[in-house]
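Participant: Return a 3D structure for these sequence lines:
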Amino acid sequence: MSLLDIFPNEILLIIFNLCDVYSLLQLRRVCKKLDVISREVLDKKSNHLLVTNQMSEKFRERCKPLLSSYNSKFLMHYNWKFGIACRLSIDTLPKVYNENMTARRMNERCLKMTKNTIWFYDKNVLSACNRAEDGSIAQNKIHRTVNSQFSSIAYCNDIIISGHVDGSIRLWRFESQNNINNLQQLKAHSNVHGKHVSNIEATTQHIISSSSNLIKIQKNTLENDDFAEENETIYSGKKLIQSISLNPTGTNVAAITEESLLIYDINKNCEAMNKRINDNTCSHLLWDDTHTILMLYKKCIKKMDIRTSEFVRTWNASFPNKCELCCFSSDNLYSIITGTNIGTIILWDQRISDYIQTYGISRNYRYDCVIMNPVFSVQFDSTHMYAITLNEGVFEYNFWRKDYYNRAKKRKEYFSNFI
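Facilitator: Below is the predicted model of the structure:
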């Protein structure tokens, strides 16, 4: 019997919790018992890292390469936190100048990130790019021009659902996922709304869309019959609908108007909540988990627990005077990424009040120099971030950088920093 057999696992767990990551990785090589205990401690440590969430199914759905080792999780956290990434321009779009930037709607351009594809639109052109095995953009791209300007997009089951300024809704997909050669329109629902479709969400069963003051629901189907075309109004009011968002299970949809937060139960076909919000500057909603909703304001992010209808957290930061938050995305755990109207992207940790890191989009970017370049949409997974902007078009940040840590001495120095 060895001395290790004398120590109960509970005592070894306490000791191992005090070790840094490098020591734990080395202990895994000693014997099976230490390997099991080391892995248990490493699991706990890695679950608290930024932008490495693989527990949320909603986040995993858009992760191309899954982080398969503790090394990759800690390296990825480090790269995000310290802004170590390769930047690549994907598509340069024409600038649309407007002096009154605050009057612009932030859905004139939009981007949607999926596991296999990056979709984006600009006015009446829908574009798509395949993602390679490492998550980066492949060289082949395809564009499709339609006779009605795009105003919103959603994604479900390898199909893109688009809303348009003429009130129509259309369904799209690639003819081939492995070789992009055609972007096929599967179906068009004409005149669903009298005005442009400002927001759209989709589940396998339903398409939920909104115009200025209406929210409608219809069946998500490719069948061509009268029943499939039917849509039902689930909200009608006098106030402008700013944003809608589905909960992770697809059973409830939340909507923010100029004065209220609404929640509609899709399965029960009834209103579940109608809470008056005094502050009318909330521009976007994002359902973070089944009980909490993130709300984006010009200068902060707020988190509401729908069980109590109270705000439980607020994140503020010191920005330049003209800087405003205009879009955001979440990993459904700790990490939030926001785009601003001055061409910066900001990484937040929900456990910390202030932001963690900023990423400048322009190569000549200076945080003290205010240049209007709104980020219309930002999406990310564990290894990549994509955004679409006014001046820079579509670009990619690739955080999959391992070359810094290949040598043993550097690896020991790096992993020893994680306790």
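Participant: mean confidence for the top helix by length along the chain?
Facilitator: Secondary structure of the chain per DSSP state H: the longest helix is helix 32-46. For helix 32-46, mean pLDDT rounds to 87.
Participant: next one: stretch 155-162
Facilitator: Summarised as a single mean, pLDDT over stretch 155-162 is 92.
Participant: where does the stretch 251-400 of the chain dip in pLDDT?
Facilitator: 279-280, 362-371 (pLDDT under 70).
Participant: can you rerun that using 80?
Facilitator: Residue ranges of the stretch 251-400 of the chain with pLDDT under 80: 278-280, 317-322, 361-372.
Participant: Equivalent analysis for the stretch 51-200 of the chain, please.
Facilitator: In the stretch 51-200 of the chain (pLDDT under 80), the answer is 91-108, 138-140, 174-182.
Participant: Strands along that one, start to end?
Facilitator: Counting by DSSP state E, counting those that start in this stretch, the stretch 51-200 of the chain has strands at residues 86-91, 109-113, 117-122, 125-131, 137-145, 150-156, 159-164, 169-174, 183-189, 199-202.
Participant: and those strands as JSON lines, adding distance to residue 77 and mean neighbour count?
Facilitator: Yep, even glycine has a C-beta here, placed from its N, CA and C like the rest. Output for the strands of the stretch 51-200 of the chain, formatted as JSON lines (distance: least, CB to CB, whole Å; neighbours: other CB atoms under 10 Å):
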{"stretch": "strand 86-91", "distance to residue 77": "17", "mean neighbour count": "15"}
{"stretch": "strand 109-113", "distance to residue 77": "20", "mean neighbour count": "22"}
{"stretch": "strand 117-122", "distance to residue 77": "23", "mean neighbour count": "24"}
{"stretch": "strand 125-131", "distance to residue 77": "22", "mean neighbour count": "21"}
{"stretch": "strand 137-145", "distance to residue 77": "23", "mean neighbour count": "13"}
{"stretch": "strand 150-156", "distance to residue 77": "27", "mean neighbour count": "22"}
{"stretch": "strand 159-164", "distance to residue 77": "31", "mean neighbour count": "24"}
{"stretch": "strand 169-174", "distance to residue 77": "33", "mean neighbour count": "20"}
{"stretch": "strand 183-189", "distance to residue 77": "36", "mean neighbour count": "15"}
{"stretch": "strand 199-202", "distance to residue 77": "30", "mean neighbour count": "23"}
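Participant: So for residue 357, which of these sits nearest?
Facilitator: Residue 357 lies closest, by CB to CB, to one member of the strands of the stretch 51-200 of the chain: strand 86-91, at 14.1 Å.
Participant: so that closest one versus strand 125-131, what angle?
Facilitator: With axes from the mean of the first three to the mean of the last three CA atoms, to 10 degrees applied, the angle from strand 86-91 to strand 125-131 works out at 140 degrees.
Participant: got a list of contacts for strand 86-91?
Facilitator: Contact with strand 86-91 is made by 118, 120, 127, 129, 136-137, 141, 363, 386, 392-398, 401, as judged by CB atoms under 8 Å, 6 or more residues apart in numbering.
Participant: Restrict it to CA atoms and write it as CSV.
Facilitator: C-alpha atoms of strand 86-91 as CSV (Å, rounded to 0.1, in the frame of the first residue of the first chain):
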residue,chain,number,x,y,z
CYS,A,86,-5.7,37.6,-35.7
ARG,A,87,-8.0,40.1,-37.4
LEU,A,88,-9.3,39.5,-40.9
SER,A,89,-11.6,41.6,-43.1
ILE,A,90,-14.3,39.3,-44.7
ASP,A,91,-16.3,41.7,-46.8
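Participant: what are the pairing partners of it, and which direction each?
Facilitator: Strand pairing for strand 86-91, using DSSP bridges, gives strand 394-398 (antiparallel).
Participant: related to what we said a few turns ago, check which helices and strands the longest helix of the chain is in contact with.
Facilitator: Packing partners of helix 32-46 (3 or more CB pairs under 8 Å, 6 or more residues apart in numbering; DSSP states H and E): helix 3-6, helix 9-16, helix 21-27, helix 70-81.
Participant: May I see the strands of the stretch 51-200 of the chain organised as TSV, with distance to residue 327 added?
Facilitator: Shown next, in TSV, are the strands of the stretch 51-200 of the chain (distance: least, CB to CB, whole Å):
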stretch	distance to residue 327
strand 86-91	17
strand 109-113	9
strand 117-122	13
strand 125-131	18
strand 137-145	20
strand 150-156	13
strand 159-164	17
strand 169-174	22
strand 183-189	24
strand 199-202	13
